[in-house]
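Chemist: any chance you could fold what I've pasted below:
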Amino acid sequence: MYWNDVPSMSRCSMVRHAGGTRRRLQALSRERIIEASIDLLDSSGEDGLTFRALSERLSTGPGAIYGHIPNKSELLIAACDSIVARALNVSSAGATPEATIRGLALRLFDTIDAHPWVGSALSRAPGRLPMVRILESIARPVCALGVPDEEQWATVGALLNYILGVGGKNAANGQLARTLGLDRSDFLGSVSAAWSELDPAEYPFTQSVAGQLLTHDDRADFLAGIDLILRGIDSSRRSRAAKAGASRR
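Modeler: Residues are numbered from 1 along each chain as shown. Modelled structure (predicted):
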């Protein structure tokens, strides 16, 4: 059957095809690709993130993905940025600068622990948007603490390096334990036993804390380090205030 010289069945199929195309375009949005990439990274690590695996998960061809994100490096950064943005998207209105820094640090620690690949992704993209987001989020409360301009870079850098360094190491340790099938309690127990047998004259500190390994909490230890840095910032502020008061007198 023809209608205006066009087969009527073709017209129907054209409508169906247009609808299918819209659905595929929606399924292949940049956001959908990033979410699928995060799923792959969480389940298989960086080695498991390939355009072939991603195209299979999305039921499409690699070429369609390339139209949104050009290569694996950019895909990894985009996935990392999405995770970091979620961790930072928490209001701290009304909180003190110290509380804001503690909350930010813990969220990043937990985020890297839940997504171990984020730490390595950040280390390979120091000037990209995910790192800039973190840098700005740390800098705002640091400035609110009254840290002088000439000390802000070093202060923000100390917090940044501590958060990402300790968070990344904790996540790497957890990932290694899962890969090797290690039980945390058993592993710490064996290390504790070995440390307790060290010569206390040669290794006094290590031998003395051997028992604490069994009960220590990685997250609490991490936060204790943040508090040490914050106390250092406060001590520096008090010292400046005291010097300023002395000079006025």
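Chemist: buried stuff in the host helix or strand of residue 100?
Modeler: Element membership for residue 100 (DSSP states H and E) is helix 97-114. Buried residues in helix 97-114, counted by 16 or more other C-beta atoms under 10 Å: 97-98, 100-102, 104-113. (C-beta placed from N, C-alpha, C; glycine too.)
Chemist: now swap in stretch 68-82 and tell me
Modeler: Those would be 68-69, 75-81, for stretch 68-82 by 16+ other C-beta under 10 Å.
Chemist: same deal with stretch 179-199?
Modeler: 188, 192, 195.
Chemist: thinking again about what came up before, which strands and helices sit next to the helix holding residue 100?
Modeler: helix 72-88, helix 117-123, helix 129-144, helix 149-180, helix 218-248 (3 or more C-beta pairs under 8 Å, 6 or more residues apart in numbering; DSSP states H and E).
Chemist: now the buried residues of stretch 179-199 as a markdown table including secondary structure, pLDDT and distance to residue 118?
Modeler: Formatted as a markdown table, the buried residues of stretch 179-199 follow (DSSP: H, G, I helix; E, B strand; the rest coil; pLDDT from 0 to 100; distance: C-beta to C-beta, whole Å):
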| residue | secondary structure | pLDDT | distance to residue 118 |
| --- | --- | --- | --- |
| 188 | helix | 90 | 25 |
| 192 | helix | 94 | 30 |
| 195 | helix | 95 | 31 |
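Chemist: surely residue 133 and residue 86 touch.
Modeler: No: using C-beta atoms under 8 Å, residue 133 is not in contact with residue 86; the gap is 10.6 Å.
Chemist: between the two, which one's more packed in?
Modeler: More neighbours surround residue 133 than the other of residue 133 and residue 86, with 16 against 11 (other C-beta atoms under 10 Å).
Chemist: give the contact list for the more buried one.
Modeler: Going by C-beta atoms under 8 Å, 6 or more residues apart in numbering, residue 133 touches 81, 84-85, 88.
Chemist: could I have the buried ones of those as ChimeraX selection syntax?
Modeler: In ChimeraX, this line selects whichever of these come out buried by 16+ other C-beta under 10 Å:
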select :81,84,88
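Chemist: closest to residue 174 out of the contacts of residue 133?
Modeler: Checking those against residue 174 with C-beta to C-beta, the nearest one is residue 84 at 18.9 Å.
Chemist: number of nearby residues for the residue lying closest to that closest one once chain neighbours are set aside?
Modeler: In space, and not counting its chain neighbours, residue 84 is closest to residue 130: 4.5 Å by C-beta to C-beta, 6 or more residues apart in numbering. Other residues within reach of residue 130, judged by other C-beta under 10 Å, total 22.
Chemist: pLDDT and distance to residue 48 added to the contacts of residue 133, as CSV?
Modeler: Below are the contacts of residue 133 laid out as CSV (pLDDT from 0 to 100; distance: C-beta to C-beta, whole Å):
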residue, pLDDT, distance to residue 48
81, 97, 19
84, 97, 20
85, 96, 23
88, 95, 26
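Chemist: ok, back up a step: the residue nearest to residue 84 contacts residue 121, correct?
Modeler: Yes: using C-beta under 8 Å, residue 130 is in contact with residue 121, at 7.3 Å.
Chemist: which neighbours do the two have in common?
Modeler: Counting by C-beta under 8 Å, 6+ apart, the residues touching both residue 130 and residue 121 are 77, 80.
Chemist: quick one: low-confidence parts of this protein?
Modeler: Along the chain, segments meeting pLDDT under 70 span 1-27, 249.
Chemist: now residue 236: how far from residue 78?
Modeler: 38 Å (C-beta to C-beta, to the nearest Å).
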